[in-house]
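S.K.: here's my sequence, what's the structure:
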Amino acid sequence: VGFLCARPGPSSHTREFEKGLRDLGYVVGRDIAIVYRFMPANAPDPFPGFAADLVRRKVDVILIASPIAIRPALDATRRIPLVIAQSDDPVATGLVPSLARPGGNLTGLSSMAPELTVKQMELLREIRPGLSSIAVLWNTDSQAGQPQLHALERAATALRLRLQSLPVRSDEQQLAQAFAAASRARVGALVVLPDMAFFDHLTLIVELAARHQLPTIYGEREFTDAGGLLSYGTNYDDLFRRAARYVDKILRGAKPGDLPVEQPTKFDLVINLKTARALGLTLPQSILLRADGVIE
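M.R.: Below you'll find the predicted structure:
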């Protein structure tokens, strides 16, 4: 099994994938071999080369752990089965014609669910009663950026919130300008769309939100651990455990094009109370009781 990952080394994702295989009866090193290809920190895109190498090695299946590795893997092979452990919206980004019948050599899991953006906005409105305006920070270089933005626009309309779009590239100056624009517009809160590029500037984004006193919700817990106010998003460890089932089915003879792409079923709400106090926010008990994690 080939494993393409945009992180620089093993993480909870790799551990959960291997755990999923163990739960299915596989012993790594005895029944199955995993060829990991991690992305070195601050390196140019290595995935075309990584994918080509895995094809030369004639692996039986490739597990794609990062959205940015999907296209290089598809360019490298239309024969070897590809399993995506996370993808922003495989239909909207043109990876598959439908979730039910993906066809071709690619299947797996989507990390986006239709209700996710609505829930994020509802959470912001719970912590800021009377909220009337919200901004969204999104990456213009991401294929999933526009579909995610449209989902937020629909959610904002349904919740009667004014939405300000903050399109940026993964650039420190543009990020600083976007937060300054949100502050000038006096928006009440901010949504940072999930994007691997934003991980490169995780600390800066959290610092800018604090500097501009802007209550911000993220899609990944790492931002909240770093000082962000709150995060609500897909439980990625669960996706990687479930990805092991796809690999198992394919190794037993299933065709990837016949295996439906599944959406996430587990979501995590994490709250940073220290940041809430710094912003002068008193969080409702109803939110604290629902939280999967509270950082004091």
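
S.K.: residues contacting stretch 102-109, please?
M.R.: Residues outside stretch 102-109 that contact it (CB atoms under 8 Å, 6 or more residues apart in numbering) are 64, 70, 74, 77-87, 90, 95-97, 239, 242-243, 246, 256-257, 259-264. Where you see a C-beta, it was placed from the backbone N, CA and C, and this is true even at glycine.

S.K.: what segments of the chain are strands?
M.R.: 2-5, 35-38, 62-64, 82-84, 106-108, 133-139, 162-168, 190-192, 216-218, 230-234, 267-272, 293-295 (DSSP state E).

S.K.: reformat those strands as JSON lines; add mean neighbour count and mean pLDDT.
M.R.: What follows is those, written out as JSON lines (neighbours: other CB atoms under 10 Å; pLDDT from 0 to 100):
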{"stretch": "strand 2-5", "mean neighbour count": "25", "mean pLDDT": "96"}
{"stretch": "strand 35-38", "mean neighbour count": "17", "mean pLDDT": "96"}
{"stretch": "strand 62-64", "mean neighbour count": "28", "mean pLDDT": "98"}
{"stretch": "strand 82-84", "mean neighbour count": "28", "mean pLDDT": "98"}
{"stretch": "strand 106-108", "mean neighbour count": "27", "mean pLDDT": "97"}
{"stretch": "strand 133-139", "mean neighbour count": "23", "mean pLDDT": "94"}
{"stretch": "strand 162-168", "mean neighbour count": "17", "mean pLDDT": "94"}
{"stretch": "strand 190-192", "mean neighbour count": "25", "mean pLDDT": "95"}
{"stretch": "strand 216-218", "mean neighbour count": "27", "mean pLDDT": "96"}
{"stretch": "strand 230-234", "mean neighbour count": "25", "mean pLDDT": "94"}
{"stretch": "strand 267-272", "mean neighbour count": "21", "mean pLDDT": "96"}
{"stretch": "strand 293-295", "mean neighbour count": "16", "mean pLDDT": "95"}
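
S.K.: packing partners of the lengthiest helix in the chain?
M.R.: Longest helix of the chain, by residue count under DSSP state H: helix 236-251. Here helix 236-251 touches helix 12-23, strand 82-84, strand 106-108, going by 3 or more CB pairs under 8 Å, 6 or more residues apart in numbering; DSSP states H and E.

S.K.: which ones are touching the spatially most central residue of the chain?
M.R.: Closest residue to the average C-alpha location of the chain: Pro194 at 4.9 Å, with CA atoms, centre = their mean. Applying CB under 8 Å, 6+ apart to Pro194 gives the contacts Asp88, Ser111, Gln148, Tyr218, Gly219, Glu220, Gly233.

S.K.: any idea how far Arg101 is from Gln263?
M.R.: 15 Å (CB to CB, to the nearest Å).

S.K.: can you pull out the helices in the stretch 1-150 of the chain?
M.R.: 12-23, 47-56, 70-76, 116-127, 145-158 (DSSP state H, counting those that start in this stretch).

S.K.: distance from the chain centre to the first one, please.
M.R.: Computed by CA atoms, centre = their mean, to the nearest Å, the separation of helix 12-23 from the middle of its chain amounts to 18 Å.

S.K.: stretch 62-72 now?
M.R.: With CA atoms, centre = their mean, you get 13 Å for stretch 62-72.

S.K.: contact partners of it?
M.R.: Counting by CB under 8 Å, 6+ apart, 1-7, 13-14, 17, 39, 45, 47-48, 50-51, 54, 73, 77, 80-88, 95, 106, 108, 144, 196, 240, 243, 247 sit against stretch 62-72.

S.K.: quick one: pLDDT of Gln120?
M.R.: Listed pLDDT for Gln120 reads 91.

S.K.: I'd guessed it sits against Val191; true?
M.R.: Yes. Between Gln120 and Val191 there is a contact under CB atoms under 8 Å: 5.7 Å.

S.K.: give me the number of residues near Asp225?
M.R.: 15 (other CB atoms under 10 Å).

S.K.: now it: closest residue in space, sequence neighbours ignored.
M.R.: Using CB to CB, 6 or more residues apart in numbering and skipping residues adjacent in sequence, the residue nearest Asp225 is Ile295, 6.9 Å away.

S.K.: go ahead and confirm Ile205 touches Ala176.
M.R.: No. With contacts counted by CB under 8 Å, Ile205 stays clear of Ala176, the gap being 10.0 Å.
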